[in-house]
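**Q** attaching a predicted model along with its sequence, questions to come.
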Amino acid sequence: MEKILEGLVSSTHPLPLKRAIVRRVVESAEAPLSEPQCRAMFELSTRLILQGPDPFQRQVGRQVLEAYARHHRAAFEAFFTRGLVLALLRGAGGEGPPSIPPGLDPAVLDYIQGGLRLLISCPAVLELFALLQEEASRLVGERPPAPLCARLCQLLADFPQCLPRGRKAALGFCQQLVRSIAHFQTQGTREAELRLYVAQVSQVSGLLRSVWKTEPDTLLPSLQELFAIISSIDTSFEPSVALASLVQHIPLQMITVLIGSLTTDPNVKDASMTQALCRMIEWLSWPLAQHVETWVIALLKGLAAVQKFTILIDVTLLKIELVFNRLWFPLVRPGALAVLSHMLLSFQHSPEAFHLIVPHVVKLVKSFKSNSLPSSTTFLGQLSELIHCMMYHYSGFPELYEPILEAIKDLPKPGEEKIKMILNQSAWTSQSSSLQSCLSGFSGKSETGKTGLINLGNTCYMNSVIQALFMATDFRRHVLSLNLNGCNSLMRKLQHLFAFLAHTQREAYAPRIFFEASRPPWFAARTQQDCSEYLRFLLDRLHEEERTLKALSSSELPGDMNDESLVQDVSSKTPLSTKPPAAAEDRTLIEKMFRGKLQTSICCSNCKSTSHKEEPFTDLSLAFCPPVFLENGEPAKVDNLSEGKDTSMEPVNNVAFSPVAETTSDILAVGDCSEMVMNDGTPKDHPIDSDCENVTDPVTCKTECKDSLQKHVTEVTPSVIDLLNYFLAPEVLKGDNKYYCEKCASLQNAEKTMQVVEEPEYLILTLLRFSYDPKCHIRRKILDNVSLPLVLELPVKRTVSSLSPVSGVWSVGVEFSDTGENLAKKLKPSGAEEAGCSQLIPYVLSSVVVHSGISSESGHYYSYARNVSSSGSSSGSFDQSQSLALAYPQNNFMAGEAPVAAVEKKLGENEVSKEWFLFNDSRVTFTSFQSVQKITSRFPKDTAYVLLYKKQNSANALNASSANGLWVNGDPPLQKDLMDAITKDNKLYLQEQELSARTQALQAAAASCSFRPNGFDDNDPPGSCGPTGGGGGGGFSTIGGLAVM
């Protein structure tokens, strides 16, 4: 029968005839046959299956073998033995017939799988299972090609009894299978061939998943083998991208453990980690592989958490273009976009990575715009958001960004707050990690995205002022937009400081150079000073310096004088002289931003003649009004109302003193920032000042001073409105304070009024909280709480001439520095008769500098601030109905809620009150306007001292519309030297963090070590601003690595 069948299948008879005869042969299998006859049929069918030249013969072999084996089970069991299977698998020798092929082919595995299926119920199959357990490990170890390995895995998946048993054998099998996948290579480039290759790889990875589920102990060693392969730096072997198929089978719950183990393993060298990460990124090109992007991003974050920034920088620059190119392929586009977004948004120290893909963006956007598929629209929206974030962060390259802006102009653009949030959460220095034991003392920017200023030793007075000026949006933009190349002026140093505050990756910055350049000569180093005095000096210096440089810009400097010597010469001039500029365009930046004008009018009561004098100011110093002024409700002319103010409110400059206390043991001090608040929130008594030594009865002095301090806290809470009303109220000059009238040629009673005739862009208000107490011979602080309106309207006197553009001409003989406290002695509360001719100018609160303590020479300064532009607050402009008018009874809120409460309620609905920041030296945190308002009620010695209000709807705004809309972040582009300096320092900072992290990891591995608790600046000098200096401001975070400028 076998000879007939063999001759038939190889004959040239018609195929239908051959099939009919084969059918008869198969049916004859039911007839009894001898064992030799059966064996002959089994051998023939085996040859046809393994060596048949065409599909017909191989099909005939399978049909005949199955039929005869089913009806002659014992004979087939005797034929399909261990020896036969071993010979088939090894391709030579053994007990098999000579017709067995010399090499292993997938068809052999098909044949074996069919034989096992026929013998599944026979006891002899157990011996075959044991053989296949051994042979499977051997075959996998020989690195079979993808087709053969996939067929073997299919056999093992159908017969799991053939899988190696025992942890050791199973582990070895899994590791060998991972190595085999690493050697897979596709044999074609056509789509059908690629699909077949992907299916084969999926078959193999699917078997590994089954083994991992059955033997969980094999998973971690298998992954270790996987990492060893992809981290190899052997250039002679490149692992197959097919390894990406394994990632989808790794439980996501293991991310934390695996990434933590990899990133903290001291045996993993940087070169190996870099190689592994690069190859994982290349896996993004593998279709149908799930979670590859999840693991790549997790590893990037893990490396950032342990400050291995060198690896991150190298990998990003090497692979960012490859990842971008993967966006062209739909199957891998979502994963590629996720990785691209993370790589770009986290690479914030330099524009280098972003600029590598910039040339390719326009082409990609145009291609997807021509495709109207919903998926393309969604993708373009996500890409546009990413591009806007990067152009916001790295403004200043219009030649690169202009084509991109044109290409994405009709795509959605994220808001500025969303951009800031995305950038803040994505930076390497803001990554969160559960591996706290591996984290160093370094930390990046806080969640606010703002940079703190390091206290250099009682420099909080400078830090609080600088942060307030930096948050003055229009002023900051003007400073950053100045072209100061080659100039070593103080303005150049301020520009440098502002640029670093905006773009550094550091949590806090050390402004050493700026401090030394801007410190007034009479300010002793490392001692506390008055922030108001410093602010006034700083603005005067900047003004005088710019005015002098402008005057000399058209002429050559003396041969022996350069810019630096000129700046030093300007700073040494005291007092600063001021000459009238020729036109408004010649005004200095300080004049444009901070200068206003006050008009003093004195009317003689006898001849009714009136004299006028205009004086410029950069800040207004507001004295506290007496209770009678608040109780009257309507300010009236008061005879010499200000005399008491002039006596008790004398401004203080650099006079050392301390308040009075019952005992010195009541004070808890760190440096000079004494904790003066009881546990119940009430002020403690203060220690005796040395100035009281000449007093006969020190106890009496203590008691009187204590009573004086307590009496000074008024029951009625005044507002800034009240203080400004009192400042502008009329004063009757009589008695010893009579006015000398030139017309009458004698002393006469008179009325003096003050009016603002030119409003500044930024209105600086200083609350005169420090006064001299003649009874105790000390300078004391007024601890009264003052209500701070978020919005106020300043009455500005308008005349026919003032309606035209401001001429900018100053009164002859008036010094620019004759402002603030000197003017405070001259300006008194205003009357209502002038209100009708005043124009109300709206202002919005921009920042508040708070003083914590009871002396101007001690305590601590910190500031609250928010971004306010000329068009409105950070969240939009205000309706005038929301504002608090700075006027008199007719504008007061007569019923309902108090004015400030009404505004706070309205602003709370708009969430404007949540956009405040608290700048406390190194520490920057989110806060709210409610916290600003309640600071003194919560911490009695923390009081508002200097306020900055921003005029709304200003014509001097420098906004994002400049430079053809290329100021994508609202701030002007930085000059190249500034950007280069920031990039260099950011790289240095990342290297510092990485070095510190590695050092601490080694120390932690060697032995435990003690450390200083978080919350303290390192090496606070004696008498410095320590953590307890500001109750409302909070403490300080430890800073590692200082940037010195």
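**A** Everything's here; your move. Residues are numbered from 1 along each chain as shown.
**Q** confidence-wise, which helix or strand of the chain is lowest on average?
**A** Within the chain, judged by mean pLDDT, DSSP states H and E, the helix or strand with the poorest mean is strand 668-670; its value is a mean of 30.
**Q** in the stretch 101-250 of the chain, which spans are helices?
**A** Secondary structure of the stretch 101-250 of the chain (DSSP state H, counting those that start in this stretch): helices located at 106-118, 125-141, 146-158, 167-182, 191-214, 219-230.
**Q** distance to residue 81, mean pLDDT and mean neighbour count added to the ones you listed, as TSV?
**A** Every C-beta, even on glycine, is put in place using the N, C-alpha and C of the backbone. Rendered in TSV, the data for those read as follows (distance: least, CB to CB, whole Å; pLDDT from 0 to 100; neighbours: other CB atoms under 10 Å):
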stretch	distance to residue 81	mean pLDDT	mean neighbour count
helix 106-118	10	89	19
helix 125-141	8	90	18
helix 146-158	18	92	21
helix 167-182	24	92	20
helix 191-214	26	91	17
helix 219-230	34	91	18
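**Q** please report the distance of the spatially closest residue to residue 353 that is not a sequence neighbour from residue 386.
**A** Once its chain neighbours are removed from consideration, residue 353 has its nearest residue in residue 347; the separation is 4.4 Å (CB to CB, 6 or more residues apart in numbering). Look at residue 347 and residue 386: by CB to CB, to the nearest Å, they are 12 Å apart.
**Q** which one of the two is surrounded by more residues?
**A** Of the pair residue 347 and residue 386, residue 347 is the one with more neighbours under other CB atoms under 10 Å, namely 23 against 19.
**Q** and residue 422, how far from residue 233?
**A** Relative to residue 233, residue 422 is positioned 35 Å away (CB to CB).
**Q** what about the two, which has more around it?
**A** residue 422 (18 against 10).
**Q** quick one, helices of the stretch 751-900 of the chain?
**A** Remark: helices of the stretch 751-900 of the chain, listed N- to C-terminal, are 821-824, 899-910; assignment by DSSP H, counting those that start in this stretch.
**Q** what about the stretch 801-950 of the chain, any weak spots by pLDDT?
**A** Judged by pLDDT under 70, the stretch 801-950 of the chain has its weakly predicted residues at 801-836, 869-914.
**Q** hmm, try it at 80
**A** Applying pLDDT under 80 to the stretch 801-950 of the chain picks out residues 801-838, 854-858, 868-914.
**Q** which stretches of the stretch 401-550 of the chain form helices?
**A** Using DSSP H, counting those that start in this stretch, the helices of the stretch 401-550 of the chain run over 416-426, 460-470, 473-481, 490-503, 512-518, 531-552.
**Q** of these, which approaches residue 155 most closely?
**A** Closest to residue 155 of the helices of the stretch 401-550 of the chain, according to CB to CB: helix 416-426, at 47.7 Å.
**Q** which stretches of the stretch 201-350 of the chain have low pLDDT?
**A** Answering for the stretch 201-350 of the chain: the residues below the bar, that is pLDDT under 80, span 288-289.
**Q** quick one: contacts for residue 542?
**A** Shown in contact with residue 542 (CB atoms under 8 Å, 6 or more residues apart in numbering): 490-491, 494, 588-590.
**Q** which one of those has the most neighbours?
**A** Counting neighbours by other CB under 10 Å, residue 494 comes out on top of the contacts of residue 542 with 25 neighbours.
**Q** for residue 451, see how far away that one is.
**A** Residue 494 sits 15 Å away from residue 451, taking CB to CB as the criterion.
**Q** got it, and residue 616?
**A** Look at residue 616 and residue 451: by CB to CB, they are 33 Å apart.
**Q** re the thing from before, dump the residue contacts of the residue nearest to residue 353.
**A** Taking CB under 8 Å, 6+ apart as the definition, contacts of residue 347 comprise 312-313, 316, 353-354, 428.
**Q** what is the neighbour count of the residue nearest to residue 282 when sequence neighbours are not counted?
**A** Once its chain neighbours are removed from consideration, residue 282 has its nearest residue in residue 241; the separation is 5.9 Å (CB to CB, 6+ apart). Look at residue 241: counted by other CB under 10 Å, it has 19 neighbours.
**Q** my read is that residue 241 contacts residue 284, right?
**A** No: applying CB atoms under 8 Å, one finds residue 241 not in contact with residue 284, separated by 9.3 Å.
**Q** quick one, strands of the stretch 251-400 of the chain?
**A** Assigned by DSSP state E, counting those that start in this stretch, the strands in the stretch 251-400 of the chain number zero.
**Q** and the helices in it?
**A** If you assign secondary structure with DSSP H, counting those that start in this stretch, the helices in the stretch 251-400 of the chain sit at 255-264, 270-282, 292-305, 309-325, 333-346, 352-369, 374-393, 398-407.
**Q** dump the longest strand anywhere in the chain to PDB, keeping only the CA atoms.
**A** Taking DSSP state E as the assignment, the strand of the chain that covers the most residues is strand 838-852. Taking Å, rounded to 0.1, in the frame of the first residue of the first chain, the C-alpha atoms of strand 838-852 are listed here in PDB:
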ATOM      1  CA  SER A 838      -9.500 115.400  40.200                       C
ATOM      2  CA  GLN A 839      -9.400 112.400  37.900                       C
ATOM      3  CA  LEU A 840      -9.500 109.100  39.600                       C
ATOM      4  CA  ILE A 841      -6.600 106.800  38.400                       C
ATOM      5  CA  PRO A 842      -7.100 103.100  39.100                       C
ATOM      6  CA  TYR A 843      -4.200 101.200  40.700                       C
ATOM      7  CA  VAL A 844      -4.000  97.500  41.600                       C
ATOM      8  CA  LEU A 845      -1.800  96.100  44.400                       C
ATOM      9  CA  SER A 846       1.300  94.400  43.000                       C
ATOM     10  CA  SER A 847       3.400  93.700  46.000                       C
ATOM     11  CA  VAL A 848       3.700  94.100  49.800                       C
ATOM     12  CA  VAL A 849       7.000  94.100  51.700                       C
ATOM     13  CA  VAL A 850       6.400  93.000  55.300                       C
ATOM     14  CA  HIS A 851       8.600  93.800  58.300                       C
ATOM     15  CA  SER A 852       8.700  91.300  61.100                       C
END
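**Q** buried stuff in that strand?
**A** 838, 840-852 (16 or more other CB atoms under 10 Å).
**Q** and those residues, which is closest to residue 359?
**A** Nearest to residue 359 among these: residue 846, at 40.5 Å, using CB to CB.
**Q** circling back: please identify which pair of the contacts of residue 542 lies farthest apart.
**A** For the contacts of residue 542, with distances taken as CB to CB, the pair at the greatest spread is 494 and 588 (13.2 Å).
**Q** about what we covered before: nearest to residue 418, out of the helices of the stretch 251-400 of the chain?
**A** Taking CB to CB as the criterion, helix 374-393 is the member of those that comes nearest to residue 418, at 8.2 Å.
**Q** which residues touch that closest one?
**A** Applying CB under 8 Å, 6+ apart, the contact partners of helix 374-393 are 327, 330, 333, 337, 340-341, 344-345, 348, 351, 354, 361, 364-365, 368-369, 401, 404-405, 408, 411-414, 416, 419, 422-423, 968-969.
**Q** okay, buried residues for it please.
**A** 376, 379-380, 383-393.
**Q** and the closest residue to residue 859 other than its chain neighbours, its phi and psi?
**A** Leaving aside its sequence neighbours, residue 859 sits nearest to residue 853 (CB to CB, 6+ apart; 1.8 Å). Backbone geometry at residue 853, expressed as degrees, to the nearest 10, gives phi 140, psi -170.
**Q** residue 853 reaches residue 783, doesn't it?
**A** No: with contact defined as CB under 8 Å, residue 853 does not count as touching residue 783 (10.2 Å).
**Q** neighbour count: the two, which is higher?
**A** Remark: of residue 853 and residue 783, residue 853 carries more neighbours, 25 against 19, as counted by other CB under 10 Å.
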